[in-house]
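S.K.: generate a structure from the sequence data that follows.
(one chain, ligands or ions: 1)
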Amino acid sequence: MCGIVGAVSERNVVPILLEGLQRLEYRGYDSAGLVVGHGGQLERVRSIGRVADLASKCANTSGLIGIAHTRWATHGVPSERNAHPHISKNHVAVVHNGIIENYEILRSRLDAEGYEFTSDTDTEVIAHLINSHYARGNSLLSATQAALAELVGAYAIGVIASDNPDHMICARRGSPLLLGIGIEEHFIASDVSALLPVTRRFVHLEEGDVVEIGRSGYQIYDAESSRVEREIQISELSNESVQLGAYRHYMQKEIHEQPQALADTLESVCNSQSLVPGIFGAEAAQTFAETGSILILACGTSYHAGLVARYWLEEIAGIRCTVEVASEYRYRVSVAEPKTLVVVVSQSGETADTQAALNHAKKNGHDHTLAICNVAESALVRLCKLRMLTRAGPEIGVASTKAFTTQLAALFMLTLVMSKQRGRLSAEQEQKHLHELRHLPAAVQKVLDLEPQIAKLAEQFAGKHHALFLGRGLHYPIALEGALKLKEISYIHAEAYPAGELKHGPLALVDKDMPVISVAPNDALLEKLKSNLQEVRARGGELYVFADAHTHISEADGIHIMQMPEHAGYLSPILHTIPLQLLAYYVALQKGTDVDKPRNLAKSVTVE
Ligand code: AGP
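M.R.: Numbering: from 1, shown residues only. Predicted coordinates for the structure are as follows:
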């Protein structure tokens with residue numbers, strides 16, 4: 001989704017803006033632009049395509065104040081005229097991330113007032129609206145506040161004006177934005193990574209905040225326009241953690257970071273002798289004691305993590321669990337069960353649908369809420385009573401990898417804590433699970449060692465147009481995740497089914513051109529799965545089976561086996577995810593797609 005960077009400094013801000021935009025590229029975008037103020041003028045440069053194209057057009061551009069943007073098209077096609085910043089009458093420039101829902105009404109009104117529209121975007125109304133208030137003699141701050149009061153929708157914005165070279169205004173509601181604190185310079189950005197080369201001191205803005213930012217200071221106003229202080233936080237992220245290093249792509253790097261990400265996420269339990277609810281927050285013990293069922297809300301890969309957790313929670317903790325796609329739940333009239341704990345799962349913590357689903361749940365009367373999230377300062381974490389932070393570190397590749405496996409680890413810890421609290425976990429079982437969790441990073445490393453074989457296997461997929469993924473039980477969501485990974489980065493049409501469903505329809509698709517990828521753990525459903533695989537083979541389907549040791553599925557004509565290590569019990573879904581991530585990665589390499597920034601997709605989906 002769109003990325004924002006802004007700076008007001010005593011030095012030329014163009015290199016800061018361009019570097020910041022480059023660091024936000026992972027969010028997904030189709031065009032980029034910046035505007036700087038100098039000598040009472042605004043100078044704008046925009047470009048369709050990559051930030052590098054924009055940079056090449058900026059050789060002679062400089063200024064001590066500026067705002068910049070990467071755009072992910074919502075209103076209006078990707079084009080230079082629709083790229084941000086948008087400027088009203090050469091006077092007020094705006095960058096925006098979010099969606100303005102009432103832009104058509106505002107546009108007609110501003111049209112009638114003589115404002116000329118040069119783009120198809122909703123953002124341009126913000127520029128004209130601020131300008132219309134500014135032209136009436138308001139300060140840039142008051143003009144922005146007055147304009148924001150008229151907007152319906154979500155926004156993070158940066159604003160500068162040609163006749164105000166010393167101040168930038170920013171505001172957020174529903175979309176992410178933070179303030180970076182420097183020495184005699186200040187910055188804004190959609191996330192921390194954009195500003196790491198210039199500062200590690202940040203203020204995370206609250207919903208409705210509006211900020212007037214100068215070189216030597218800033219003032220924050222809350223949604224009621226009262227002056228407020230917000231805490232300055234020092235980011236623990238190192239600049240290196242968002243660098244590619246020796247890897248070819250961020251996705252490859254992030255797949256390989258999983259042992260460490262899991263070890264970090266599990267640190268609190270692995271270093272202790274027993275499981276305590278406190279790892280989810282101070283009020284967790286009380287909340288869990290009152291919990292009668294669980295509702296998990298999430299999107300995409302995070303939704304798949306929720307689906308795995310449902311098997312764990314019902315089987316191990318004996319607690320009823322439903323999992324819903326957030327974008328559906330938010331508009332569904334549902335019956336709220338009292339004593340339900342609502343769990344939102346998200347890498348970014350900024351996904352608009354998940355936020356809206358959480359708010360919908362709260363409106364429905366759910367007040368027990370838990371966020372499982374990878375970004376400590378994100379909206380979802382702040383909106384929930386309880387939290388468990390996954391410690392995957394920054395995930396830059398659009399395809400989620402280490403965020404997923406760490407979400408699974410966090411959800412497994414939730415299962416164990418719930419199970420213990422409900423008297424379903426003996427001391428012996430608790431120690432056994434803790435032992436397995438401690439061993440998990442090493443087990444994942446062992447699976448990563450299969451990389452060369454999977455790279456070889458991927459060669460057979462490059463010419464394929466479709467693929468079918470099969471799994472059963474706990475591993476059905478892993479099949480879903482494998483299919484999602486393959487489709488999003490290799491653009492091969494992939495679908496996943498619980499293997500038992502094959503004969504109810506999808507078997508009709510199976511022929512020699514349809515590769516069928518199966519997750520085959522050595523669990524209670526193995527024999528059932530084997531029968532399903534026979535059904536495929538009997539129709540001439542080519543099978544690719546990721547099989548645990550001792551499954552006795554042998555390599556044969558049309559059956560390719562990728563040998564996995566020992567079966568890992570309840571943690572097996574985490575191990576079986578790894579080869580599917582690697583397979584998608586190497587197939588995408590074969591096909592030459594843009595692995596980290598697949599077409600049409602964005603990393604943080606901050607609009608509906
Ligand atoms: C998966 O690879 C995707 N990038 C996507 O499905 C993602 O998981 C989804 O958009 C949810 O994002 P979140 O975890 O940040 O909420």
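S.K.: output the contacting helices and strands for the helix ranked longest in the chain.
M.R.: Determined from DSSP state H, the single longest helix within the chain is helix 427-448. Where contact means 3 or more C-beta pairs under 8 Å, 6 or more residues apart in numbering; DSSP states H and E, helix 427-448 is packed against helix 258-270, helix 402-421, helix 572-591. Backbone N, C-alpha and C define where each C-beta goes, glycine included.
S.K.: would you turn these into CSV with mean neighbour count?
M.R.: Formatted as CSV, the helices and strands packed on helix 427-448 follow (neighbours: other C-beta atoms under 10 Å):
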stretch, mean neighbour count
helix 258-270, 21
helix 402-421, 26
helix 572-591, 25
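S.K.: as JSON lines, these with distance to residue 599 and mean pLDDT would be great.
M.R.: Output for the helices and strands packed on helix 427-448, formatted as JSON lines (distance: least, C-beta to C-beta, whole Å; pLDDT from 0 to 100):
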{"stretch": "helix 258-270", "distance to residue 599": "26", "mean pLDDT": "89"}
{"stretch": "helix 402-421", "distance to residue 599": "21", "mean pLDDT": "97"}
{"stretch": "helix 572-591", "distance to residue 599": "12", "mean pLDDT": "97"}
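S.K.: what's the closest of those helices to residue 49?
M.R.: helix 572-591 (20.4 Å; C-beta to C-beta).
S.K.: how far off helix 258-270 does that closest one point, in degrees?
M.R.: 160 degrees (axes from the mean of the first three to the mean of the last three C-alpha atoms, to 10 degrees).
S.K.: what about helix 572-591 and the ligand, touching?
M.R.: No: using C-beta under 6 Å from any ligand atom, helix 572-591 stays clear of the ligand, with a minimum separation of 9.4 Å.
S.K.: who are the packing partners of that helix?
M.R.: helix 250-256, helix 402-421, helix 427-448, helix 451-458, helix 476-490, strand 515-520, strand 542-547.
S.K.: not counting stretch 535-549 itself, show me its contacts.
M.R.: Stretch 535-549 is touched from outside by 457, 468, 470, 502-503, 507, 510-512, 514-522, 533, 553, 558-567, 572, 576, 579-580, with contacts defined as C-beta atoms under 8 Å, 6 or more residues apart in numbering.
S.K.: ignore the last one, stretch 310-329
M.R.: Residues contacting stretch 310-329 (C-beta under 8 Å, 6+ apart): 291-299, 303, 306-307, 309, 332, 344, 351, 353-354, 356-358, 360-361, 411-412, 414-416, 418-419, 422, 424-425, 473-474, 570, 608.
S.K.: mind doing that once more with 6 Å?
M.R.: 293-299, 303, 306-307, 353-354, 357, 415, 418-419, 424, 474 (C-beta atoms under 6 Å, 6 or more residues apart in numbering).
S.K.: contacts only, for the residue of the stretch 351-500 of the chain found nearest the ligand.
M.R.: For the stretch 351-500 of the chain, the residue closest to the ligand is residue 351, as judged by C-beta to the nearest ligand atom, at 3.3 Å. Residues in contact with residue 351, defined by C-beta under 6 Å, 6+ apart, are 299, 605.
S.K.: one more pass at 8 Å, please.
M.R.: 299, 302, 326, 380, 604, 605, 606.
S.K.: adding distance to the ligand and secondary structure, write these out as a markdown table.
M.R.: As requested, the contacts of residue 351 are exported to a markdown table (distance: C-beta to the nearest ligand atom, whole Å; DSSP: H, G, I helix; E, B strand; the rest coil):
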| residue | distance to the ligand | secondary structure |
| --- | --- | --- |
| 299 | 4 | coil |
| 302 | 4 | helix |
| 326 | 8 | helix |
| 380 | 8 | helix |
| 604 | 6 | coil |
| 605 | 5 | coil |
| 606 | 9 | coil |
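S.K.: adding neighbour count, write those out as a markdown table.
M.R.: Formatted as a markdown table, the contacts of residue 351 follow (neighbours: other C-beta under 10 Å):
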| residue | neighbour count |
| --- | --- |
| 299 | 22 |
| 302 | 25 |
| 326 | 27 |
| 380 | 23 |
| 604 | 28 |
| 605 | 21 |
| 606 | 26 |
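S.K.: that's all I had, so thanks and see you.
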